[in-house]
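> Give me coordinates for this.
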Amino acid sequence: MNLDAATRARLVGLFVAEADETVAALRDLAEGLTAGARGDVLREFGRIAHGLKGAAAALGYEGLARALHDLEDLALGVRDERPAGAEERRRRVGEALDLVSEGTARMGASGADAFPEDLLERLLDVVAPGRAAADAAAGAERDASAPAAPDGAPSPAAPRAPEAGERISVPATDVDAALRLASSLARGAAQLHEALQRAGGDLAHAAQSLANGAAGLEGIVASLRLLPAEAALSGLEEEVDGLAAHLGKRVALGITGRDVRADRRSLQSARGMIRHLVRNALDHGIEPEADRIAAGKEAEGHLSVAVHAGESTLRVTVSDDGAGFDAAAIRGELARRTGDPERIASLSDEEVLRAWAFEGGSTRSTATRISGRGLGLSAVAQLARASGGGIRILSARGEGSIVEFTLPLEVYAVEALTVSAGGRLFGVPLGAVERTVHAAGAGDAIHEGAAGPTLAAGETILPLCDLGEVLGLARAPDRLRRDAGAVGAARFAVVVRHEASLAALAVDDLGGVEGMVPATVAGVAQADALVTGIARLGDGSAVAVLNPRHLVDRARAVRPRPRPAAAPSRAAAAPAGALDVVLAEDSLATREVLRVLLEEQGFRVRVAADGEEALQRVVERAPDVLVSDVNMPRRDGLALTRALRARVETERLPIVLLTSQDDEATRAEGAAAGADAYLLKARFDAGVLQQTLARIGVRSG
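Below is the predicted model:
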């Protein structure tokens, strides 16, 4: 390939970024590499590995491409192996992926334009030991006195030592479910112990043992899925020291958040992205010592990496005190590229830098005028956006830069303060709780003014908003007016902080601080949404975990106002003529979310945990409409539909099926069973249901 140096460097950087993502995907698929493995798993593994092999070959990495080809063969041969042979192949696939990951991480950290030779030799030995031995026999024999491989592995021709312990492969979704159940069990056992301890008696000791065991189980299961951020940060100091020495610079690295816990895939993605940003900061951000001294700075540059997990996202911040971005020059270049100078001129510097990152700008050839960090920044921006995360860039010319990216977490643990509003439970991450106030004893802290109630929090006066109103629930009774020194039904207020912004929220009640492992629900509880997940307490209660950033933004957008004392209660009965809905859904979290969405729009809802229970509900009293999940135990949604269509009493009952699958075959199955409508869970809300019901002729009385 005849490429100029800048283009070559850009392509290598993108290859390294792609390799990080590809290896993470292959690791997940490798869990399904067992004897008799499903064809779709093998095909997907082969497809992804083949793509990386093609990228390696395109860049001239012939040895790596050959090794990746052998890795494909190694994985695809699993199906025809006996269990022991399949497990050995799967183990070798995992070892090979570790070597590929280590090699590309070295390339990213050092800026090298070649896969490390020592790792390539080990990789070839792992994926094709027979061929390596044959090649060795045909050529010069290996030196018997050669040192062992860096990890002490035996030579390819030698029999492999058995692993220290038996390993089993379990789907990540099963581990996630086990973790949530273990978390719920631990909470319930702790509550039982506290109750029995207050009551006294011999059972308190047994309950303590149960609580300790449940907490231990939770920790073990959590360790299978949640790793410390150290997994993404390990070796970073050595890489920084090595690259700084190579560049002739002195750089002090500070790292915070090593003990933050997150899922393996998110940390694997973050690892490569961190190294992109660190390498670019060292190479193009932090100036040489002479330039720093001339600018009045310390000779030693400062670089920091901070990791934080919360609100269902992993947030990583990489900052330096280097030269910063030349935003003015980047603005001009971006205007030229886009052909829209007026729009670019209207953007802030932060918006310009973000647009530049997504534009994929590489300015190595003009590094003296514009920071040449566009390449690594572009890779990070693209990876963050592809995963559903985001990126933020702040910079001051001559003072340094801050790059922050976020990634959605597949599973996360959070400590949250539970609060109730409108008859529902919510969780506010503890790190965002600034203070709590007992309204009845708040004295002059709460004041009723012409614009509505306020709360004095330290030196700040905050509008006091009702949490139910902020969340869009039906307006609660007059919780904020004081009567004879007490604050109506709103017994407590919570002050929530996000960065520099505060919001005061009135709530019906405060619970305790609970450890939770929330589950996401497509379309209603997901990363970077107001509700990031649904958790379950020890007593089975569902808790909606709130995102402090969106919560504070919502509260600041609400203008509190005095409410009439006779405002209708959230707990009031559904209005006359409301449609009666039987809701069938086997997932507790999804069922609760859908129930609340429907009730907020005035539907009367009767719930069922599966198709069999739904059939009983319908037989007991025919509803106006049935809303049912397709995939359920005992009797699925299709079987339930067919059973109802076979009964004279329900042959015309409107039936709406919900599913996560959006394909013609599934829709055809639903239509053949007799369903009237078919909705995707990811797009479901009460408004969509009302429109659908109107379309099929169902209207409230």
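> going forward, measure contacts between C-alpha atoms and count neighbours the same way
Noted.
> what secondary structure does residue 425 sit in?
Under DSSP: H, G, I helix; E, B strand; the rest coil, residue 425 falls in the strand class.
> okay but residue 667 is in contact with residue 676, surely?
No. Counting by Cα atoms under 8 Å, residue 667 sits too far from residue 676 to count as a contact (10.8 Å).
> residue nearest the centroid of this structure?
Nearest residue to the geometric centre of the chain (Cα atoms, centre = their mean): residue 409, 1.9 Å.
> where's that one relative to residue 263, distance?
7 Å (Cα to Cα, to the nearest Å).
> again, but for residue 358
26 Å.
> How about residue 128?
Counting by Cα to Cα, the gap from residue 128 to residue 263 is 31 Å.
> okay, these two: which has more neighbours?
residue 263 (24 against 19; other Cα atoms under 10 Å).
> Setting aside sequence neighbours, what's the nearest residue to that one?
residue 226 (4.6 Å; Cα to Cα, 6 or more residues apart in numbering).
> For the one you found, give me the pLDDT.
Looking at residue 226, its pLDDT reads 74.
> What's the local residue count around it?
24.
> Same question for residue 43.
Neighbours of residue 43 using other Cα under 10 Å come to 12.
> Just the mean pLDDT for the host helix or strand of it, thanks.
Residue 43 belongs to helix 39-58 when assigned by DSSP states H and E. What helix 39-58 shows for mean pLDDT is 77.
> what's downstream of it, the next helix or strand?
helix 62-76.
> Pull out the buried positions in that next one.
Buried residues in helix 62-76, defined by neighbour count with 16 or more other Cα atoms under 10 Å: 63-72, 74-76.
> helices and strands around the helix or strand following that helix, which ones?
Note on helix 62-76: by DSSP H and E, the next helix or strand toward the C-terminus is helix 83-110. For helix 83-110, the elements it packs on are helix 5-30, helix 62-76, helix 117-127, helix 236-247, helix 264-280, judged by 3 or more Cα pairs under 8 Å, 6 or more residues apart in numbering; DSSP states H and E.
> ok, now how distant is the residue nearest to residue 289 when sequence neighbours are not counted from residue 358?
Excluding the flanking residues, the one nearest residue 289 by Cα to Cα, 6+ apart is residue 299, at 4.8 Å. Distance, residue 299 to residue 358, by Cα to Cα: 33 Å.
> And residue 289, by the same measure?
31 Å.
> With residue 350 instead?
Counting by Cα to Cα - residue 350 and residue 358 are separated by 13 Å.
> Wait, residue 270 touches residue 231, no?
No. The criterion here is Cα under 8 Å, and residue 270 misses it with residue 231 at 9.9 Å.
> So between those two, which is more surrounded?
residue 270 (28 against 17).
> Quick one: residues contacting that one.
232, 316, 407 (Cα atoms under 8 Å, 6 or more residues apart in numbering).
> between those, which has the most around it?
Going by other Cα under 10 Å, residue 407 tops the contacts of residue 270 with 26 neighbours.
> tell me which element that residue is part of?
strand 400-408.
> Quick one: distance of that strand to the chain centre.
16 Å (Cα atoms, centre = their mean, to the nearest Å).
> Quickly run through the sheet partners of it, with directions.
Strands that pair with strand 400-408, judged by DSSP bridges, come out as strand 313-320 (antiparallel), strand 390-396 (antiparallel).
> any chance of those strands in a markdown table, with mean pLDDT and distance to residue 50 too?
Formatted as a markdown table, the strands paired with strand 400-408 follow (pLDDT from 0 to 100; distance: least, Cα to Cα, whole Å):
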| stretch | mean pLDDT | distance to residue 50 |
| --- | --- | --- |
| strand 313-320 | 92 | 30 |
| strand 390-396 | 89 | 28 |
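> Of these, which is nearest residue 552?
Nearest to residue 552, of all these, is strand 313-320, at 17.1 Å by Cα to Cα.
> And the next helix or strand past that closest one?
Taking DSSP H and E, what comes next after strand 313-320 is helix 327-338.
> Let's test this: mean pLDDT of that following helix, rounded?
86.
> which strands and helices sit next to it?
By 3+ Cα pairs under 8 Å, 6+ apart, helix 327-338 packs against helix 341-346, helix 349-359.
> Let me have those in JSON lines, extended by distance to residue 280 and mean pLDDT.
What follows is the helices and strands packed on helix 327-338, written out as JSON lines (distance: least, Cα to Cα, whole Å; pLDDT from 0 to 100):
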{"stretch": "helix 341-346", "distance to residue 280": "25", "mean pLDDT": "87"}
{"stretch": "helix 349-359", "distance to residue 280": "13", "mean pLDDT": "85"}
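> so which of those helices comes closest to residue 639?
helix 349-359 (47.9 Å).
> Just want the angle from the closest one to helix 327-338.
50 degrees (axes from the mean of the first three to the mean of the last three Cα atoms, to 10 degrees).
> in helix 349-359, what counts as buried?
Under 16+ other Cα under 10 Å, the buried positions of helix 349-359 are 349, 351, 352, 353, 354, 355, 356, 357, 358, 359.
> neighbouring contacts of that helix?
Taking Cα under 8 Å, 6+ apart as the rule, helix 349-359 contacts 327, 330-331, 334, 344, 374, 377-378, 381-382, 391-395.
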